[in-house]
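Novice: coordinates only, sequence not included:
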């Protein structure tokens with residue numbers, strides 16, 4: 001059996017200031033019965049290849065958390081490969097940092113407990129200098145996670161700009177023209193994404209042009225997208241539509257999470273994920289106030305006002 005999650009991470013990196021809330025185990029179903037008999041949990045909850053042992057009665061120095069999550073490896077190719085890589089037998093063994101990194105990398109784009117996972121992922125990503133020694137297993141585990149949780153559906157950029165923005169019309173009410181919001185939060189004379197487009201009529205951006213950006217502009221490009229998403233989907237519906245209140249900080253956190261998970265894909269998402277905390281160093285905390293100042297000064301108009309003008 002393999003110990004994964006925070007308990008294993010803290011075992012390998014004792015400097016981490018964290019107390020694991022539960023114990024995560026990878027093992028075979030034959031191991032599970034013995035573990036239940038040993039720990040005597042008050043309740044066992046089964047769900048999607050994971051058994052949760054709730055309120056463990058027979059705690060000891062190792063099993064010292066209230067709950068234990070047991071991932072069944074029997075029908076999982078990737079979990080079997082992790083156990084084979086670690087030469088895991090009947091005894092309990094801590095998974096290596098390589099396995100922990102692979103697991104985090106295969107799960108990071110799924111928007112579940114993102115704040116916790118992005119902190120662990122960033123730590124391991126820096127530790128391994130972005131080199132995944134188990135990338136083939138990571139790919140398999142990602143696919144199995146998609147099969148279990150549902151495929152990540154991200155919008156395609158390879159279409160006309162008008163058609164691209166029409167994709168969200170059914171569930172996002174627009175108070176301002178999308179491009180006008182981009183202009184209002186731009187760091188340069190125009191939004192940074194425009195510097196990546198060879199054809200302004202197509203929403204798709206060119207990676208070669210992206211690679212020419214200095215690092216700071218790459219971070220600010222991600223933030224420009226995040227400001228627009230936060231304004232368009234959270235802040236403006238509050239101001240102009242009476243939606244439930246959310247702070248500008250929480251709105252931006254949510255939009256950055258979406259960029260790192262199921263709103264973007266490919267190299268842009270990878271950069272945002274791999275540089276998540278560095279990007280946050282460039283945040284303009286007054287992005288909402290700056291936008292509203294431009295609106296009040298007449299530099300940007302609401303859609304109805306734009307039509308009248």
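Specialist: It's in. Treat the numbers as computed from the prediction; the structure is a model and nothing was measured. Numbering: from 1, shown residues only.
Novice: where along the stretch 151-300 of the chain do the helices fall?
Specialist: 161-166, 178-185, 207-211, 215-230, 236-241, 248-260, 266-274, 276-280, 287-296 (DSSP state H, counting those that start in this stretch).
Novice: out of those, flag the one nearest residue 153.
Specialist: Proximity of these to residue 153 was assessed by Cβ to Cβ; the nearest stretch is helix 248-260, lying at 12.3 Å. All C-beta atoms are positioned from the backbone trio N, CA, C, and that covers glycine.
Novice: give the buried residues for the closest one.
Specialist: Neighbour-count burial for helix 248-260 flags 248, 251-260 (criterion: 16 or more other Cβ atoms under 10 Å).
Novice: next, count neighbours for residue 243.
Specialist: Neighbourhood size, residue 243 [other Cβ atoms under 10 Å]: 14.
Novice: backbone dihedrals for it, please?
Specialist: As for residue 243, its main-chain torsions (degrees, to the nearest 10) stand at phi -70, psi 170.
Novice: where does the prediction get shaky in the stretch 151-300 of the chain?
Specialist: Judged against pLDDT under 70, the low-scoring parts of the stretch 151-300 of the chain cover residues 154-172, 200-203.
Novice: domains in this protein, as residue ranges please.
Specialist: Domains of the chain are assigned by automatic domain parsing as 2-149, 161-308.
Novice: so how far is the last one from its chain's centroid?
Specialist: When distances are taken as Cα atoms, centre = their mean, to the nearest Å, domain 161-308 is centred 17 Å away from the chain's centroid.
Novice: ok, now the first one?
Specialist: Between the mean C-alpha location of domain 2-149 and the chain-wide mean there is a distance of 18 Å, by Cα atoms, centre = their mean.
Novice: now residue 87. Its backbone dihedrals?
Specialist: phi 50, psi 50.
Novice: OK, contacts around it?
Specialist: Going by Cβ atoms under 8 Å, 6 or more residues apart in numbering, residue 87 touches no other residue.
Novice: could you do residue 114 as well?
Specialist: 257, 260-261.
Novice: now do residue 261
Specialist: 109-111, 114, 152, 269.
Novice: contacts only, for residue 206.
Specialist: Neighbours of residue 206 in contact, by Cβ under 8 Å, 6+ apart: 196-198.
Novice: looking at the residues you listed, state which has the most neighbours.
Specialist: Busiest of the contacts of residue 206 [other Cβ under 10 Å] is residue 196, holding 19 neighbours.
Novice: residues near the closest residue to that residue other than its chain neighbours, how many?
Specialist: Counting by Cβ to Cβ, 6 or more residues apart in numbering, residue 196 lies nearest to residue 205, which is 3.8 Å off, once chain neighbours are set aside. Other residues near residue 205 come to 20 when the count uses other Cβ under 10 Å.
Novice: residue 205 and residue 199, how far apart?
Specialist: 10 Å (Cβ to Cβ, to the nearest Å).
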